[in-house]
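Asker: What follows is a protein structure lacking sequence information:
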């Protein structure tokens, strides 16, 4: 508490390393929501700060002393002062125009690489299923990515003092963001933007502040959480729900939950199964119209399938890279894209199926980017 008072009301966790990027997150603490009288529930604001850990990091040992010898400052002086404000009005008029062209130009190659990455898995699934050999190990999408992903460094998680107000309060939101701005300056010694992740209930009003208040513009990078973005994507995809029920994959009740985005794990599983099936059918049609393209790739896919049985990560990565190199050198994805474009213009059902596969692949690219920074 003495450190908070001396640092202008900002608590700087002692384990944070200066001149290193930090990523913050704020959320609601809502324990004991069900009480006998329906009152005195616990709704307060928690803020966490994430920072990568390196082997060279050194921390001073924590010295413990007798509690009788520690002077206790005034608790009110240590708590953050709430900056009371009203909810910004007319914020829609200040919404900046998105620069889509620059984003596509900057990250287009990364997106192409990610789609090629998933195409290898789809081709592998088709190869194994067509072989009718159930003894061959077939990794799931998550399992396959775990083999190929690099080991990421450990993140240090530091907690800031709990604010005794709910985060849905506009004053609390502005107070937290101001504190994080100061913390970012203390840690990074610069005025770079502070990066904050929040759920949609907090993200939306924070975005209103950023677009409506002049002293908030250009200071924050706000991101919805992975879960909420995936829920929005699942609602957008829609899928082919009748197919799930007719094939006895899910009941009608579960199908409704999937379409509403309320059952995330099952929804991802359902859409991934649908996309895999549609991809197999698409590749079958492509192989009939343009024979030989995928046939040349079959030996490499067989080697990749065998390497998966050994669970040797180095060997799996080598075989995977060999398949990706072959796909790029022979421009197989470009050929499939031209084939799809021709069929889309004359077959509406084919167009709908391809759109479903594209949306699922976009969701998979996002999930991988969040979990692996790729």
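Answerer: Nice, I can see it. Model, not experiment: these values are computed from the prediction. Residues are numbered from 1 along each chain as shown.

Asker: separation between residue 57 and residue 162?
Answerer: 26 Å (Cβ to Cβ, to the nearest Å). Using the backbone N, CA and C atoms, a C-beta is placed for each residue, glycine as well.

Asker: for residue 275, same thing?
Answerer: On the measure of Cβ to Cβ, residue 275 and residue 162 end up 42 Å apart.

Asker: When the two are compared, which one has more neighbours?
Answerer: A count of neighbours by other Cβ atoms under 10 Å puts residue 275 above the other of residue 275 and residue 162, at 24 against 13.

Asker: what's the nearest residue to that one if we skip its chain neighbours?
Answerer: residue 360 (3.8 Å; Cβ to Cβ, 6 or more residues apart in numbering).

Asker: Over to the residue lying closest to residue 226 once chain neighbours are set aside. Which of the three states is it?
Answerer: Using Cβ to Cβ, 6+ apart and skipping the chain neighbours, the partner closest in space to residue 226 is residue 370 (4.7 Å). Per DSSP: H, G, I helix; E, B strand; the rest coil, the secondary structure class of residue 370 is helix.

Asker: In contact with residue 121, which residues?
Answerer: Contacts for residue 121 (Cβ atoms under 8 Å, 6 or more residues apart in numbering) come out as 141, 144.

Asker: ugh, wrong one, residue 234
Answerer: With the criterion set at Cβ under 8 Å, 6+ apart, residue 234 makes contact with 258, 261, 264, 267, 268, 271, 363.

Asker: what helix or strand is the fourth one on?
Answerer: Under DSSP states H and E, the secondary-structure element containing residue 267 is helix 264-289.

Asker: So which bits of the very next helix or strand once past that helix are buried?
Answerer: For helix 264-289, the succeeding helix or strand toward the C-terminus, using DSSP H and E, is helix 298-310. By 16 or more other Cβ atoms under 10 Å, the buried positions in helix 298-310 come out as 300, 301, 302, 304, 305, 307, 308.

Asker: which among those gets closest to residue 318?
Answerer: For these, the residue nearest residue 318 by Cβ to Cβ is residue 307; the value is 7.9 Å.

Asker: my guess is that closest one meets residue 321, correct?
Answerer: No: with contact defined as Cβ atoms under 8 Å, residue 307 does not count as touching residue 321 (11.6 Å).

Asker: if I look at residue 165, how far off is residue 260?
Answerer: Distance from residue 165 to residue 260, by Cβ to Cβ: 31 Å.

Asker: who's more crowded, those two?
Answerer: residue 165 (17 against 12).

Asker: Who are the packing partners of the longest strand along the chain?
Answerer: The longest strand of the chain (DSSP state E) is strand 44-52. Secondary-structure packing of strand 44-52 (3 or more Cβ pairs under 8 Å, 6 or more residues apart in numbering; DSSP states H and E): strand 23-29, strand 155-159, helix 170-188.

Asker: so which of those comes closest to residue 243?
Answerer: That would be strand 23-29 among the helices and strands packed on strand 44-52, by Cβ to Cβ, at 36.8 Å.

Asker: Quick one: list the elements packing against the closest one.
Answerer: strand 44-52, helix 170-188, strand 194-198, helix 200-212.

Asker: angle of that strand against helix 170-188?
Answerer: Strand 23-29 and helix 170-188 are oriented at 150 degrees to each other (axes from the mean of the first three to the mean of the last three Cα atoms, to 10 degrees).

Asker: Each with direction, which strands does strand 23-29 pair with?
Answerer: strand 44-52 (antiparallel), strand 194-198 (parallel) (DSSP bridges).

Asker: Deepest in the core, which of those strands is it.
Answerer: Comparing the strands paired with strand 23-29 by mean neighbour count (mean count of other Cβ atoms under 10 Å), strand 194-198 ranks first with a mean of 21.

Asker: tell me the angle that strand makes with helix 200-212.
Answerer: Using the same axes, to 10 degrees: strand 194-198 against helix 200-212 is 140 degrees.

Asker: what about residue 349, neighbour count?
Answerer: Look at residue 349: counted by other Cβ under 10 Å, it has 7 neighbours.

Asker: got a list of what the residue lying closest to residue 236 once chain neighbours are set aside touches?
Answerer: What sits nearest to residue 236 in space, not counting adjacent residues and going by Cβ to Cβ, 6+ apart, is residue 359, at 6.7 Å. If you count contacts by Cβ under 8 Å, 6+ apart, residue 359 has them with 233, 236, 237.

Asker: The nearest residue to residue 201 once chain neighbours are set aside: what's it in contact with?
Answerer: Closest residue in space to residue 201, ignoring its immediate chain neighbours: residue 168 at 6.3 Å, by Cβ to Cβ, 6+ apart. Shown in contact with residue 168 (Cβ under 8 Å, 6+ apart): 28, 201, 202, 205.

Asker: By neighbour count, which of those residues wins?
Answerer: Highest neighbour count within these, by other Cβ under 10 Å: residue 202, with 24 neighbours.

Asker: which one is it nearest to, not counting chain neighbours?
Answerer: Using Cβ to Cβ, 6+ apart, the nearest residue to residue 202 is residue 167, at 5.4 Å.

Asker: and that neighbour, which of the three is it?
Answerer: Strictly by three-state DSSP, residue 167 counts as coil.

Asker: Would you mind measuring from it to residue 215?
Answerer: In terms of Cβ to Cβ, residue 167 sits 20 Å off from residue 215.

Asker: Could you check which of these two is surrounded by more residues?
Answerer: residue 167 (24 against 9).

Asker: Quick check: phi and psi at the residue nearest to residue 343 when sequence neighbours are not counted.
Answerer: Distances taken as Cβ to Cβ, 6+ apart place residue 350 nearest to residue 343, at 4.9 Å, with adjacent residues excluded. Residue 350 has phi and psi values of phi -60, psi -40 when expressed as degrees, to the nearest 10.

Asker: pretty sure residue 350 is in contact with residue 339, am I right?
Answerer: No: using Cβ under 8 Å, residue 350 makes no contact with residue 339, being 10.4 Å away.
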